[in-house]
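K.L.:
Structure of the sequence below:
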Amino acid sequence: MSPLAKTRQKITGEVVFPKELALELKKGVGGLNDLTEKLSSWKTTDTSRFVMSLLGSAVFLEASDLHLEATKGGARLRARIDGMLHDVAELSKPTYETLLSRLKLLSGIKLNVSERPQDGRFTFLLEEAPVEARVSALPSEHGESLVLRLLNPKNLKAIKDLGLRKDLLFLFQKEIKKPNGMLLVTGPTGSGKTTTLYAFLKDVQNPEVKVITIEDPIEYRLDGVSQTQVAGKEYTFALGLRAIVRQDPDVILVGEIRDSETASIAIQAALTGHLVFSTLHTNDAAGTVARLLSLKADPANVAAALNLIIAQRLVRKVCKACGKTRKASSSELAIIKKGLEKLPRGIRPKIPATVQVADPKGCRECSNTGYKGRVGIFEAIVADDALETFITNGPSIAELRAYAAKQGMVSMYQDGLLKVLEKTTTLQEVERVTAE
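P.N.:
Just a heads-up that it's a prediction; the model follows:
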């Protein structure tokens, strides 16, 4: 079987989710405490319903991952919601072993193998949305631990829903309409890069445009987009990208630029009439150029290919059901004023002597965290003629940061502070995700 054919194989395991159970969970599971109570009342004779209850509840609670961690006495179950891990339940040894076997069976993982890592997947249709569960099994001291990544297509967003300021929304919409060049999104794992790029693809996709992606793996299926995924050494990003440019694409998405060969091909594609979207792992927008140069990319080609660099993080939003407001303390007000004092005049807000900020409380709907949902904070560097000249000289990260600030770039931290003033999030949350 060819590497490309492997990427088109049917997903292992397709599970039918009972409609009556979905309705029961949607009404009855409003927070993590409800899920904990439901799991504690599970009868061991109904494994299928237990697994479905766990998966459905996790989706309704908007969990991105479920962790089943083997312990001496059984297992600990945790859920990652809005980027934070939360304890759900302590499972007995028999319950853990039953759940482990069922999940391995669903995902096509070998039941009789427990001494080496394994990966699998399955899908379940919940409220007409095909939710994909990616399963990773890892041997540990007390038995196998499983992590399930839950990919719900309902989480896909349009550009207008990313949390962009008006100036950034206008900029991004303009840049993704260009016929060629490179647009890079950077940030650590879990910072929302894929969500942003998929929002771009949804915006540019139409019958007159050929869009091809190469991903590792394909996160979500997009109508009207030709999607492939890497398959080990037989089908790498570099090999796939070489093939893609011969498929007459208008827009190419490369899941990640990891090596010098992929960087070189992506840059050449951007220079030869294609619009290229991709990601890098760097701390900020300025570090993107330095990262490309460290991959032996030619500075002149990097400068000519780049259209836009975006760096982003995700901050938790204050729960709308229970959030209140309060007067900002003098120290908080001082931090906000200092952080925003150098913003460009058209963006810098007028900050009064007294400022009201969000005050998270906690309720059933947000599992008593005070936060529900996340929103992006962004910074962007537009590649103009001046930056092109600057890049050809091979600047350091510090020099690029200074250049971006001089050009009026609003940093992720500053974008976060603006969202604090809007009462979308809190200063503590912004400082948590932007701390270096």
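
K.L.:
who's in contact with the closest residue to residue 158 other than its chain neighbours?
P.N.:
In space, residue 158 comes closest to residue 199 once its chain neighbours are excluded; the distance is 6.0 Å by Cβ to Cβ, 6 or more residues apart in numbering. Heads up, the C-betas are built off the backbone N, CA and C, glycines and all. The contact partners of residue 199, by Cβ atoms under 8 Å, 6 or more residues apart in numbering, come to 156, 157, 158, 159, 161, 162.

K.L.:
who wins for neighbours among these?
P.N.:
When the contacts of residue 199 are compared by neighbour count (other Cβ atoms under 10 Å), residue 162 ends up highest, at 19 neighbours.

K.L.:
Ignoring the adjacent residues along the chain, who's closest to the residue nearest the centre of the chain?
P.N.:
Nearest to the geometric centre of the chain sits residue 192, at 2.9 Å (Cα atoms, centre = their mean). Spatial nearest neighbour of residue 192, chain neighbours left out: residue 314 (4.8 Å); criterion: Cβ to Cβ, 6+ apart.

K.L.:
hang on, isn't the one you found packed against residue 375?
P.N.:
Yes - using Cβ atoms under 8 Å, residue 314 is in contact with residue 375, at 7.1 Å.

K.L.:
Have a look at these two and say which one is more surrounded.
P.N.:
Comparing residue 314 with residue 375 by other Cβ under 10 Å, the one with more neighbours is residue 314, at 21 against 18.

K.L.:
Can you give me the pLDDT of that one?
P.N.:
Note for residue 314: predicted pLDDT of 98.

K.L.:
CA atoms only for the one helix or strand it maps to - export them in CSV, please.
P.N.:
For residue 314, the host element (DSSP states H and E) is strand 306-318. Once non-C-alpha atoms are left out, strand 306-318 reads as follows in CSV (Å, rounded to 0.1, in the frame of the first residue of the first chain):
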residue,chain,number,x,y,z
LEU,A,306,7.2,35.9,4.2
ASN,A,307,3.9,37.8,4.2
LEU,A,308,2.8,37.6,7.8
ILE,A,309,4.0,36.0,11.1
ILE,A,310,1.5,35.4,13.9
ALA,A,311,2.3,34.2,17.4
GLN,A,312,-0.5,33.2,19.8
ARG,A,313,-1.6,31.8,23.1
LEU,A,314,-4.9,30.8,24.6
VAL,A,315,-6.3,32.4,27.8
ARG,A,316,-9.3,31.2,29.7
LYS,A,317,-12.4,33.3,29.5
VAL,A,318,-14.3,34.3,32.7
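
K.L.:
All further residue positions should be reported with the first residue as 43.
P.N.:
Done: numbering now begins at 43, and the last item shifts to strand 348-360.

K.L.:
Mind listing the strands it pairs with, and their directions?
P.N.:
Paired strands of strand 348-360, with direction, are strand 223-228 (parallel), strand 413-424 (antiparallel) (DSSP bridges).

K.L.:
so how far is that strand off the chain centroid?
P.N.:
10 Å (Cα atoms, centre = their mean, to the nearest Å).

K.L.:
and the residue nearest to residue 234, how far is that from residue 325?
P.N.:
Using Cβ to Cβ, to the nearest Å, one obtains 15 Å as the distance from residue 356 to residue 325.

K.L.:
Likewise for residue 155?
P.N.:
Residue 155 is 38 Å from residue 325, by Cβ to Cβ.

K.L.:
When the two are compared, which one has more neighbours?
P.N.:
residue 325 (17 against 13).

K.L.:
that older thread, now what about the next helix or strand after the strand holding residue 356, what contacts it?
P.N.:
Per DSSP H and E, strand 348-360 leads on to strand 366-369 as the next helix or strand towards the C-terminus. The contact list for strand 366-369, computed with Cβ under 8 Å, 6+ apart, reads 396, 397, 398, 399, 400, 401, 403, 465.

K.L.:
The same query, at a cut-off of 10 Å, please.
P.N.:
360, 374-375, 396-403, 412, 465 (Cβ atoms under 10 Å, 6 or more residues apart in numbering).

K.L.:
Now find how far off-centre it is within its chain.
P.N.:
The answer for strand 366-369 is 30 Å, by Cα atoms, centre = their mean.
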